[in-house]
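> Just need the structure, nothing else, for what follows:
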Amino acid sequence: MNILIVDDKLENLYLLRVLLGSKGYDVTEASNGKEALERARETPPALIISDILMPVMDGFALCRAWRADTRLASIPFIFYTATYTEPKDKEFALSLGAARFLVKPQEGHVFLHEVESALLAGEQAGNRSNHVTATLPEEMTEVSEKDFYRQYNARLVNKLEDKLEEIAQKNRALAAREQSLCEANARLEERVAQRTRELEVANEELEAFNYSVSHDLRAPLRRVEGFNQALQEECAGQLSEQGRDHLRRIGKAVGHMSELIDGMLELSRLNHGELLREIVSLSAMAEAVSTKLRETEPARDVSICIQSNIVVTGDRRLLSIILDNLLGNAWKFTAKTAQARIEFGVTERDGKSVYYVADNGAGFDMAYAGKLFKALQRLHFVQEFPGIGIGLASVARCIRRLGGRVWVESEPEKGATFYFTF
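This is a model prediction of the structure:
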């Protein structure tokens, strides 16, 4: 037994096909009323199940045309709709000659029961519908047509009004969300502005602190250094070897403290100053740094490989600080490595240029990498490798100002590779 199902949504056709197929019914499908009429006239089905809201020809127009066709008029017609669900919709549908008016979704067993009932009623009715339609007076047919269009238009207008109200509700909800978003953005902008003001105040306080450090700490340091020098020059003969060693230690501590002050001041200055972007040869800059390093320790035999023709656009001052510290860092941590090697170059990752400085020196455990770019943090003892713990913090701050990022890969005793972008 063949059943014609009509719906413009593929998922609805699929569900009906599976459900009816489970009971052994053959199924023919159509996506609108016009297509359904064409298929039914070719091969009349035992039953038609149709949606109402469809393009080209909707369910109401299909039902009316169905009942007007003498070959199809006696075939049961079931409306199955999720859009037209009001009592007047059902009343209008049944007035067109529909056998059933079902609202989606229906339980499978309930739906199949309605289908079986409609098929049984259709068999019992025989051709009575055709006979009645054929004997209607022409005047009544004309009145029925007028009544059809009156009710049909009323149903369409009703649905249009419902749709307009639905759209209006969505628009009101959208307007409310937009208003809420605007208010949230305004609050966010105010918080950002407040935070900016707080940062400006904090920076001003930091600058004032730096000046205080420069003047208030340097002066006593100079006095300590002066008295230490005076003691060495005037009283060295009266001091024991241990006393002279104490003076040397004091001098060394004063020098270290002076370096720390200089480093912290330089670090703070990296947050200020206008960025001047120009064409810079990183290769030439790296060559100059390596020459300077060799001059400081001419006895060291270090292989330094610098990739040629690395030319970029950036702030020369910040780029110089980056290379000074990264190459100096590599030079320092290869001091105890036989056949020391340092390399500077550029590679590509995810379509972006990535610059690197690699060495085969002491390296470190990556578990401590998070401390590496913070001021005054060290992963090795000063006795092993001298320094104040400012260089890599300066590198990180310069790269942030340039809009890039820096990271490192390393293993103990296998060296380290520092990568950066800008």
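> Domains of the protein: list them as residue ranges, please.
2-135, 168-269, 277-420 (automatic domain parsing).
> Columns distance to R155 and mean neighbour count on top of these, output as TSV?
Just so you know, the C-beta spots here come from the backbone N, C-alpha and C atoms, and that holds for glycine as well. What follows is the domains of the chain, written out as TSV (distance: least, Cβ to Cβ, whole Å; neighbours: other Cβ atoms under 10 Å):
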stretch	distance to R155	mean neighbour count
domain 2-135	6	17
domain 168-269	20	12
domain 277-420	58	16
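> Same list, those domains, but as TSV with mean pLDDT please.
Output for the domains of the chain, formatted as TSV (pLDDT from 0 to 100):
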stretch	mean pLDDT
domain 2-135	90
domain 168-269	78
domain 277-420	87
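> Those domains: which one's closest to Y152?
With Cβ to Cβ as the criterion, Y152 lies closest to domain 2-135 of the domains of the chain, at 5.7 Å.
> for the domains of the chain, which one sits closest to D147?
Nearest to D147, of these and by Cβ to Cβ, is domain 2-135 at 8.4 Å.
> The closest one: how far from the chain's middle?
Relative to its chain's centre, domain 2-135 lies at 48 Å (Cα atoms, centre = their mean, to the nearest Å).
> contacting residues around the residue lying closest to P105 once chain neighbours are set aside?
By the measure of Cβ to Cβ, 6 or more residues apart in numbering, the closest residue to P105 outside its immediate chain neighbours is A82, 7.5 Å from it. Contacts of A82 were listed using Cβ atoms under 8 Å, 6 or more residues apart in numbering, and they are 103-105.
> Between the domains of the chain, which one is closest to A154.
Of all the domains of the chain, the one in closest proximity to A154, counting by Cβ to Cβ, is domain 2-135 (7.8 Å).
> picking that back up, could the contacts of A82 go into CSV alongside secondary structure and distance to L19?
Converted to CSV, those look like this (DSSP: H, G, I helix; E, B strand; the rest coil; distance: Cβ to Cβ, whole Å):
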residue, secondary structure, distance to L19
V103, strand, 16
K104, coil, 12
P105, coil, 11
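> is it true that E413 lies in a strand?
No - read with DSSP: H, G, I helix; E, B strand; the rest coil, E413 is coil and lies in no strand.
> got a list of what F373 touches?
Taking Cβ under 8 Å, 6+ apart as the test, what F373 contacts is 392-393, 395-396, 406.
> I'd like to know how far it sits from S50.
As for F373, its distance to S50 is 70 Å (criterion: Cβ to Cβ, to the nearest Å).
> And for H246?
H246 sits 105 Å away from S50, taking Cβ to Cβ as the criterion.
> the helices in the chain, which residues?
Here the chain has its helices, by DSSP state H, at 10-21, 33-42, 59-68, 87-95, 108-125, 128-135, 138-212, 218-234, 241-269, 282-296, 316-333, 391-401.
> Looking at those helices, which is nearest to S410?
helix 316-333 (9.7 Å).
> Could you pull up phi and psi at M57?
In terms of degrees, to the nearest 10, the main-chain angles of M57 are phi -140, psi 120.
> State whether it and E38 are indeed in contact, as I suppose.
No - judged on Cβ atoms under 8 Å, M57 makes no contact with E38 at a distance of 10.5 Å.
> for the residue positioned nearest the centre of the chain, what are its contacts?
Residue closest to the mean C-alpha point of the chain, counted by Cα atoms, centre = their mean, is D350 at 16.9 Å. If a contact means Cβ under 8 Å, 6+ apart, then D350 has no contacts.
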